[in-house]
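J.: pasting the sequence and the predicted model now:
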Amino acid sequence: MSWYKGYKVALFVGTMLALINHGDKIMALSLSAHDWFKVGLTYLVPYGVSTWSAVKAIKSRA
């Protein structure tokens, strides 16, 4: 179930970071393929960190 929490964190944090870092291009609808790639990474990083920390916490309890 840690993947679900990671997904929720990635959705929230990734959206905030994407708007901060690429908001001007998003609003102007002028994102290039390279920009879309960077936006995708913006969502993957918080997902990975959240999932990794949840797995570490579960393992430390066992």
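T.: Thanks, I have the structure now.

J.: tell me how far the longest helix seen in the chain lies from the chain's centre.
T.: Counting residues, the longest helix found in the chain (DSSP state H) is helix 33-61. In terms of C-alpha atoms, centre = their mean, to the nearest Å, the centre of helix 33-61 is found 6 Å from the chain centre.

J.: any low-confidence regions in the protein?
T.: The model of the chain has pLDDT under 70 over residues 1-3.

J.: I'd like the distance between the residue positioned nearest the centre of the chain and Lys59.
T.: Nearest to the geometric centre of the chain sits Tyr43, at 2.3 Å (C-alpha atoms, centre = their mean). Using C-beta to C-beta, to the nearest Å, Tyr43 is found at 25 Å from Lys59. Heads up, the C-betas are built off the backbone N, CA and C, glycines and all.

J.: and for Phe12?
T.: According to C-beta to C-beta, Phe12 stands 25 Å off from Lys59.

J.: between those two, which one's more packed in?
T.: More crowded of Phe12 and Lys59, by other C-beta atoms under 10 Å: Phe12, with 11 against 8.
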